[in-house]
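Student: below are the sequence and a predicted model for it; my questions follow.
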Number of protein chains: 2
Amino acid sequence: MRIVVIGSGNVAYHLIQAFYTAADVTLFVHARNKAALDVLKREFPALTILSTHDLTSINADLILISVKDDVLNAVFEQYSYARETLVAHTSGTQILQNTGFHQNVGVFYPLQTFSRTSNVRWNNTPILIEAGSEAAIQVLEQAAALLHAPYFETDTEQRKYIHLAAVLTSNFANHLLGKAATILQQKSIDYHILQPLVEATIQKAFTKHPVEVQTGPAVRKDVLTMEKHLSLLKEDALLQNIYRNISESIDKTGNLESE
Amino acid sequence: MRIVVIGSGNVAYHLIQAFYTAADVTLFVHARNKAALDVLKREFPALTILSTHDLTSINADLILISVKDDVLNAVFEQYSYARETLVAHTSGTQILQNTGFHQNVGVFYPLQTFSRTSNVRWNNTPILIEAGSEAAIQVLEQAAALLHAPYFETDTEQRKYIHLAAVLTSNFANHLLGKAATILQQKSIDYHILQPLVEATIQKAFTKHPVEVQTGPAVRKDVLTMEKHLSLLKEDALLQNIYRNISESIDKTGNLESE
């Protein structure tokens, strides 16, 4: 399979890393960021780097545009593609707008958190795919299979809500962990003491429905404990607001177990 | 070791279950809730149930009061204890107030989430212990060892902050998962599609510092995506507030990797 990756950000980097070592893939990369390209060339010496000119003439099965959401459509329209080439992006929220200009388009959205320095377990990364034809879907499925990743056909509406859910449960949960880690460090406590609790919480929330196993002061309506916590947070007004709002939301949602 | 558990809530239940099967433990239970006692008697037939009268005269190494925070001190003062008996509670936030009445007191706080229907992995549950004498600390360590649980000596100040951190990262993260699950179910999507992402997020946050690996629209200052998410949440004003506040807090905290 001949695959072009356009981009050099975190998602592009991990896709390049995975396709570079995949069997039966001829991989091409195009990116505007010279420093990032130098890093890619050092790490993946056999990688074929495409210039803008090459990109226009390249014969590929799949072109993956993996760039920031706010420049995605500009990058999409910057090049011309062979009519039969499938052009897909990796965004959780975007759609390609100018599909009159190129109609064979799709989505290849890996539902995962990507940091430059952390490995990605592709065989445990669901890929959400969308495309307008069965042939295009098959190309995207084939690309997911090359990564040994599970894949799911979704529509644009579902993808938007999945992306929202991912932000709530990954980015937001990570922020709460960051706040907790900082609070504990200020009290000379290693925040890893929370790890068994957090892991058990996540495991339980995917075994029972999370609403059913909600615990804590808010669902018990334990106002005294909540007030104590708010006073411990008196130097972080934003976190106090978060604490109040989530507690109110928990109180309103309730707990099936206790009903 | 002769252990008395006072209480029949979720924490008491799991402590009873664990001590009931532990070697070298003689276990006694006292609780006022008749229905809960009947359940305990059915599940643990050899359990010794103590009446109020027995409790006053029982000869034990450790009495664990595991009741709701708001009645803890009332329960503590309700009984008289042999002077040498260590009386500890299992709360993350409370202190025993009337220590003139009984001085040999302590804390045995398991940092874990307890639901009635989910098993507890005690060997992966840190127990925070506090007491006024080395002899009392040793009794609490011995009790933790009977559960094969790791234990940590903390002070009351540290325990308060650990409890706050636990609420932020366990109860609050679970609530966000509950919201996400509900949102996805409304779009006919199995919320387990989030599981690899959430597990990878947690694993990464305990490998690198969570602040260092923060990702998502808020840290990228991607206002368009955040506005789209807020409009998807238009029927849940509380969750919109949570979204706004956490995004603002992420923006303010920043991301070491991107600096």
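Tutor: Perfect, thanks for sending it.
Student: CA only for contacts and neighbour counts going forward, please
Tutor: Fine.
Student: could you measure from A:T99 over to chain B?
Tutor: 21 Å (C-alpha to the nearest C-alpha, to the nearest Å).
Student: same question for A:Q103.
Tutor: 25 Å.
Student: secondary structure element holding that residue?
Tutor: Assessed by DSSP states H and E, A:Q103 sits outside every helix and strand.
Student: residues contacting it?
Tutor: A:R83 (C-alpha atoms under 8 Å, 6 or more residues apart in numbering or on different chains).
Student: quick one, phi psi at it?
Tutor: Main-chain torsions, A:Q103, degrees, to the nearest 10: phi -90, psi -20.
Student: could you measure from it over to A:E141?
Tutor: As for A:Q103, its distance to A:E141 is 19 Å (criterion: C-alpha to C-alpha, to the nearest Å).
Student: A:T93 now?
Tutor: The value you get for A:T93 to A:E141, if C-alpha to C-alpha is used, is 20 Å.
Student: so which of the two has more stuff around it?
Tutor: Taking neighbours as other C-alpha atoms under 10 Å in any protein chain shown, A:T93 and A:E141 compare with A:E141 leading, 22 against 18.
Student: the more buried one: which element?
Tutor: With DSSP H and E as criterion, A:E141 is part of helix A:134-146.
Student: using CSV, write out every CA atom in that helix.
Tutor: Presented in CSV, the C-alpha positions along helix A:134-146 are these (Å, rounded to 0.1, in the frame of the first residue of the first chain):
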residue,chain,number,x,y,z
GLU,A,134,-17.4,1.2,-0.1
ALA,A,135,-14.1,1.2,-2.0
ALA,A,136,-12.8,4.1,0.0
ILE,A,137,-13.9,2.5,3.3
GLN,A,138,-11.9,-0.6,2.3
VAL,A,139,-8.8,1.4,1.8
LEU,A,140,-9.2,3.0,5.2
GLU,A,141,-9.8,-0.4,6.8
GLN,A,142,-6.7,-1.7,5.1
ALA,A,143,-4.7,1.1,6.5
ALA,A,144,-6.0,0.5,10.0
ALA,A,145,-5.3,-3.2,9.6
LEU,A,146,-1.6,-2.3,8.7
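Student: least trustworthy helix or strand in chain A by mean pLDDT?
Tutor: Sorting the helices and strands of chain A by mean pLDDT, DSSP states H and E puts helix A:52-57 at the bottom, at a mean of 82.
Student: how far is it from where the chain is centred?
Tutor: Offset of helix A:52-57 from its chain centre (C-alpha atoms, centre = their mean, to the nearest Å): 29 Å.
Student: check which helices and strands the helix or strand that that helix is followed by is in contact with.
Tutor: Toward the C-terminal end, the helix or strand that comes next after helix A:52-57 (DSSP H and E) is strand A:62-65. For strand A:62-65, the packing partners by 3 or more C-alpha pairs under 8 Å, 6 or more residues apart in numbering or on different chains; DSSP states H and E come out as strand A:2-6, helix A:72-78, strand A:86-89.
Student: neighbours around A:K34, how many?
Tutor: Neighbours of A:K34 using other C-alpha under 10 Å come to 10.
Student: ok, now A:A46?
Tutor: 11.
Student: report the buried residues of stretch A:153-166.
Tutor: Within stretch A:153-166, the residues that qualify as buried are A:E153, A:T154, A:T156, A:Q158, A:R159, A:K160, A:Y161, A:I162, A:H163, A:L164, A:A165, A:A166, counting by 16 or more other C-alpha atoms under 10 Å in any protein chain shown.
Student: let me fix that: stretch A:30-40
Tutor: In stretch A:30-40, counting by 16+ other C-alpha under 10 Å, buried: A:H30, A:A31, A:L37, A:L40.
Student: same question, stretch A:205-212
Tutor: A:A205, A:F206, A:H209, A:P210, A:V211, A:E212.
Student: now, among the residues you listed, which is nearest to B:L238?
Tutor: Using C-alpha to C-alpha, A:V211 is the member of those that lies nearest B:L238, at 16.0 Å.
Student: pull up the pairing partners for the following helix or strand past the helix holding A:E141, direction included.
Tutor: Downstream of helix A:134-146, the next assigned helix or strand under DSSP H and E is strand A:151-153. Next to strand A:151-153 in the sheet, as set by DSSP bridges, lie strand A:127-131 (parallel).
Student: tell me the domain ranges of chain A?
Tutor: A:2-154, A:159-258 (automatic domain parsing).
Student: about what we covered before: quick one: the helix holding A:E141 near chain B?
Tutor: No: shown here: helix A:134-146 not in contact with chain B (C-alpha under 8 Å from any C-alpha of the partner chain), separated by at least 15.5 Å.
Student: got the buried residues for that helix?
Tutor: A:A136, A:I137, A:V139, A:L140, A:E141, A:A143, A:A144, A:L146.
Student: hmm, who's touching that helix?
Tutor: A:19, A:22-23, A:61-62, A:86, A:104-106, A:108, A:127, A:129-131, A:150-151.
Student: buried ones among these?
Tutor: A:19, A:61-62, A:86, A:104-106, A:108, A:127, A:129-131, A:150-151.
Student: could I get those as a markdown table with pLDDT?
Tutor: Output for the buried ones among the contacts of helix A:134-146, formatted as a markdown table (pLDDT from 0 to 100):
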| residue | pLDDT |
| --- | --- |
| A:F19 | 97 |
| A:D61 | 96 |
| A:L62 | 98 |
| A:L86 | 97 |
| A:N104 | 95 |
| A:V105 | 97 |
| A:G106 | 97 |
| A:F108 | 98 |
| A:I127 | 98 |
| A:I129 | 98 |
| A:E130 | 97 |
| A:A131 | 97 |
| A:P150 | 97 |
| A:Y151 | 98 |
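Student: and those, which two are the farthest apart?
Tutor: A:N104 and A:P150 (22.8 Å).
Student: coming back round to it: ok now the helix holding A:E141, how far from the chain's centre?
Tutor: 19 Å.
Student: average pLDDT for it?
Tutor: Helix A:134-146 carries an average pLDDT of 98.
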